[in-house]
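1. Sequence first, predicted coordinates after that:
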Amino acid sequence: MAATRDFGPVPADAEAATRSIDLARQHLVQPWPFAGSVGNEARSLMNSGDGIYLIDGDGNRLIDGPAGMWCLNVGHRREELARVMYDQAMLLSYNTPWYTMNEPSAELAKRIAGYAPGDLSHVFFTTGGSSAVETALRFMQFYNNVRGRQEKKLILSRGGAYHGSTYLSASLNGRARDRDWMDSAEALVVKLSTPDPFRRPHGMSIEAFSDTLVDEFRDAVARIGADRIGAFVGEPVQASGGVIVPPPNYLGRIRQVCRDNDILYVSDEVVTAFGRLGHVFASEEVFGIDPDMITFAKGVTSGYFPLGGVIISERLLEELRRSNHPDALFGHGLTYTSHPIGCAVALKNLDILEDGLLEHARAIGPYFQQRMKTLEELAIVGEVRGTGLMACIECVADRDSNDPLKLDKDVGNRIDAHCHELGLLVRPLINMCVMSPPLVITREQIDDMVGILREGISRTMEDLRKEGVWQG
């Protein structure tokens with residue numbers, strides 16, 4: 001394994017780890033639980049981190065393959081971020097955003113607007129990605145109400161999408177397992193196809209597949225009526241859907257359909273922003289689009305403090321200011337909107353990104369993709385796809401059908417368990433494994449990570465053979 005700094009006084013002793021596990025089972029409700037174990041579950045205990053590594057409750061060092069939850073872009077244990085939190089808390093720990101403001105939020109809004117495409121020049125800060133998407137949607141509703149278009153509220157989303165866990169943002173999600181047992185605002189949302197080239201019809205070219213997606217979008221607008229559709233919300237890369245990179249020029253064509261029909265285009269960059277694809281924002285730099293709004297979170301503070309936001313077009317705000325309803329109130333806000341500590345951390349996080357880390361991410365991304373692609377040599381791997389420092393390994397029963405359903409549905413968890421033993425934390429998604437390491441990763445550490453993945457997948461293949469689940 002590549003060398004790292006001394007971790008200091010970790011891990012916790014066995015007695016402390018056991019106590020944490022017992023307390024979790026007695027009192028802690030974990031996110032995304034199953035009914036059979038809700039409120040009685042303990043997950044892998046993590047005690048500390050440094051750079052790209054974590055130390056678990058047993059003292060094992062693991063490469064943090066998912067970078068937390070797509071968020072630890074500058075890596076664990078950055079002392080400069082910890083000091084900023086302390087310094088800002090000692091200066092101003094909190095102020096109410098209802099009738100006061102703070103200096104870090106004003107400065108951060110300016111910095112972020114400077115990186116945003118087009119005329120996206122105003123920022124509303126939230127507590128994370130879900131609240132950022134929720135804010136964008138509520139702003140769309142307010143915008144159309146003020147303009148006298150009360151019927152223009154439907155939202156276009158896509159299969160495979162993930163946009164959050166609040167009621168309205170979760171209603172956009174396009175993965176069945178996210179919604180099977182949960183209520184949603186179904187009447188407000190229209191779902192379109194997943195832009196997944198790997199799952200396109202057999203024999204269809206990428207160009208023809210892109211055409212069918214754009215035609216479907218146009219047909220939906222014509223069928224429903226542009227006067228009823230308020231927004232399209234889309235991730236540039238569908239992250240939790242399995243790192244779905246859309247066909248070339250697809251997003252630009254969808255953007256033009258939105259512009260032609262006065263439909264707000266909301267680019268959900270909660271994952272792709274702040275260096276994950278080598279730029280502060282990927283919408284224009286990577287995909288050539290200038291949305292009406294961009295949502296962000298996660299990497300804005302590298303996970304050191306909960307913060308998110310929406311960048312809004314000056315055009316939209318100017319139209320509101322010119323309306324016949326100057327007293328119309330955008331009745332939306334959060335207790336922790338523009339939190340001074342979060343904004344101070346984000347400013348320092350941007351300093352780190354600007355000080356060579358964005359360039360490093362752009363330089364090392366191709367090597368990461370190249371090394372990950374070698375895993376397609378394994379018979380169970382149908383495709384390795386990705387861009388920048390995000391990738392997905394999709395396992396299939398056979399490459400003729402690319403059918404994941406004939407496999408054990410726990411194959412991702414099986415791979416993760418083997419990799420955990422070998423020194424790597426993976427994010428399993430049924431038949432897929434997602435990787436999005438901290439941007440500070442080196443070539444040697446990428447080699448270590450891919451080597452562990454290869455061994456973890458190979459062991460899983462052998463397990464499935466022995467059990468008669470997969471013949472290979």
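-> That came through, no problem.

2. and the closest residue to Ile441 other than its chain neighbours, what is it in contact with?
-> Nearest-residue entry for Ile441: Ile52, 5.2 Å, with adjacent residues in sequence omitted and distances by Cβ to Cβ, 6 or more residues apart in numbering. No exception for glycine: its C-beta is placed from N, CA and C like everyone else's. Shown here is Ile52, whose contacts under the criterion Cβ atoms under 8 Å, 6 or more residues apart in numbering are Thr4, Ile63, Asp64, Ala67, Gly75, His76, Pro437, Pro438, Val440, Ile441, Gln445.

3. Assign a three-state SS to Asp22, would you?
-> Following DSSP: H, G, I helix; E, B strand; the rest coil, Asp22 is assigned to helix.

4. Also the one 10 residues further on?
-> Applying three-state DSSP to Trp32 yields a three-state assignment of coil.

5. burial count for it?
-> 8 (other Cβ atoms under 10 Å).

6. Pull out the buried residues from stretch 151-161.
-> Within stretch 151-161, the residues that count as buried by 16 or more other Cβ atoms under 10 Å are Lys152, Lys153, Leu154, Ile155, Leu156, Ser157, Arg158, Gly159, Gly160, Ala161.

7. ditto for stretch 219-236
-> Neighbour-count burial for stretch 219-236, with 16+ other Cβ under 10 Å as criterion, is recorded at Ala220, Val221, Ala226, Ile229, Gly230, Ala231, Phe232, Val233, Gly234, Glu235, Pro236.

8. gap between it and the chain center?
-> What separates the centre of stretch 219-236 from the centre of its chain is 23 Å, taken as Cα atoms, centre = their mean, to the nearest Å.

9. Stretch 288-305 too?
-> Remark: stretch 288-305 is offset 9 Å from the chain centroid, using Cα atoms, centre = their mean.

10. Leu81 contacts Asn349, correct?
-> Yes. Look at Leu81 against Asn349 with Cβ atoms under 8 Å: they come within range, at 6.5 Å.

11. Can you check which residues contact both of the two?
-> Each of Val74, Thr301, Ser302, Tyr304 lies in contact with both Leu81 and Asn349 under the rule Cβ under 8 Å, 6+ apart.

12. my guess is the last one meets Leu347, correct?
-> No. Under the criterion of Cβ under 8 Å, Tyr304 is not in contact with Leu347, lying 11.9 Å apart.

13. And the two? Which one has more around it.
-> The residue with more neighbours, out of Tyr304 and Leu347 and counting by other Cβ under 10 Å, is Tyr304; that gives 22 against 18.

14. still on that earlier bit, which of Leu81 and Asn349 has more neighbours?
-> Looking at Leu81 and Asn349 with other Cβ under 10 Å, you find the greater number of neighbours at Asn349, namely 28 against 22.

15. The more buried one reaches Ser302, doesn't it?
-> Yes. With contact taken as Cβ under 8 Å, Asn349 and Ser302 are classed as touching, separated by 5.2 Å.

16. Find the residues that touch each one of these two.
-> Common contact partners of Asn349 and Ser302 (Cβ under 8 Å, 6+ apart): Asn73, Val74, Leu81, Phe274.

17. With Asp87 as the reference, measure out to the residue nearest to the third one when sequence neighbours are not counted.
-> Distances taken as Cβ to Cβ, 6+ apart place Tyr304 nearest to Leu81, at 4.8 Å, with adjacent residues excluded. Shown here: Tyr304 relative to Asp87, a distance of 13 Å by Cβ to Cβ, to the nearest Å.

18. Also Arg175?
-> 41 Å.

19. okay, these two: which has more neighbours?
-> More crowded of Arg175 and Asp87, by other Cβ under 10 Å: Arg175, with 18 against 12.

20. dump the residue contacts of that one.
-> When contacts are counted by Cβ under 8 Å, 6+ apart, Arg175 touches Gly159, Gly160, Ala161, Tyr162, Ser240, Gly241.

21. isn't the first one right next to Thr194, touching?
-> Just to be clear, that refers to Gly159. Yes. Distance between Gly159 and Thr194: 3.9 Å, which falls inside the contact criterion (Cβ under 8 Å).

22. Identify each buried residue in stretch 71-82, please.
-> Cys71, Leu72, Asn73, Val74, Gly75, His76, Arg77, Arg78, Leu81.

23. Format these as CSV; extra columns: pLDDT, distance to His325 and secondary structure.
-> Shown next, in CSV, are the buried residues of stretch 71-82 (pLDDT from 0 to 100; distance: Cβ to Cβ, whole Å; DSSP: H, G, I helix; E, B strand; the rest coil):
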residue, pLDDT, distance to His325, secondary structure
Cys71, 97, 39, coil
Leu72, 98, 44, coil
Asn73, 98, 41, coil
Val74, 98, 44, coil
Gly75, 98, 48, coil
His76, 98, 48, strand
Arg77, 97, 50, coil
Arg78, 98, 46, coil
Leu81, 98, 43, helix
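
24. all helices for the stretch 151-300 of the chain, in order.
-> In chain order, the stretch 151-300 of the chain shows helices spanning 167-170, 176-179, 206-224, 250-260, 282-285, with DSSP state H, counting those that start in this stretch as the criterion.

25. and the second one, what other elements does it pack with?
-> Put plainly, it is helix 176-179. Applying 3 or more Cβ pairs under 8 Å, 6 or more residues apart in numbering; DSSP states H and E, one finds that helix 176-179 makes contact with no other helix or strand.

26. hmm, who's touching it?
-> Tyr162, Ala170, Asn173, Ile430.

27. Dump the buried residues of stretch 71-82 to TSV, plus distance to Glu285.
-> Supplementary listing: the buried residues of stretch 71-82 in TSV, determined by distance: Cβ to Cβ, whole Å:
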residue	distance to Glu285
Cys71	20
Leu72	22
Asn73	16
Val74	19
Gly75	23
His76	27
Arg77	29
Arg78	24
Leu81	25
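
28. Show me which pair in these is furthest apart.
-> Using Cβ to Cβ, the buried residues of stretch 71-82 span at most 14.6 Å, a distance reached by Cys71 and Arg77.

29. Now do the residue nearest to Gly118 when sequence neighbours are not counted against Ser205, distance only.
-> The shortest distance from Gly118 to any non-neighbouring residue, by Cβ to Cβ, 6+ apart, is to Asp290 (3.6 Å). From Asp290 across to Ser205, the span is 28 Å (Cβ to Cβ).

30. swap in Met46?
-> From Met46 over to Ser205 the distance is 45 Å, taken as Cβ to Cβ.

31. What of His122?
-> For His122, the distance to Ser205 equals 41 Å [Cβ to Cβ].

32. Counting neighbours, what do you get for Ser401?
-> There are 12 residues near Ser401, going by other Cβ under 10 Å.

33. Pretty sure it sits in a helix.
-> No. Secondary structure of Ser401, determined by three-state DSSP: coil, with no helix assignment.

34. pLDDT value on it, please?
-> At Ser401, the pLDDT value in this model is 79.

35. circling back to that earlier point, turn the buried ones among the contacts of Ile52 into a named ChimeraX selection, would you?
-> For anyone working in ChimeraX, the buried entries among the contacts of Ile52, judged by 16+ other Cβ under 10 Å, can be selected with:
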select :63,64,67,75,76,437,438,440,441,445
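
36. With distance to Ala35 and secondary structure as extra columns, can I get the contacts of Ile52 in JSON lines?
-> Below are the contacts of Ile52 laid out as JSON lines (distance: Cβ to Cβ, whole Å; DSSP: H, G, I helix; E, B strand; the rest coil):
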{"residue": "Thr4", "distance to Ala35": "40", "secondary structure": "coil"}
{"residue": "Ile63", "distance to Ala35": "33", "secondary structure": "strand"}
{"residue": "Asp64", "distance to Ala35": "30", "secondary structure": "strand"}
{"residue": "Ala67", "distance to Ala35": "30", "secondary structure": "helix"}
{"residue": "Gly75", "distance to Ala35": "36", "secondary structure": "coil"}
{"residue": "His76", "distance to Ala35": "33", "secondary structure": "strand"}
{"residue": "Pro437", "distance to Ala35": "33", "secondary structure": "coil"}
{"residue": "Pro438", "distance to Ala35": "34", "secondary structure": "coil"}
{"residue": "Val440", "distance to Ala35": "39", "secondary structure": "coil"}
{"residue": "Ile441", "distance to Ala35": "38", "secondary structure": "coil"}
{"residue": "Gln445", "distance to Ala35": "39", "secondary structure": "helix"}
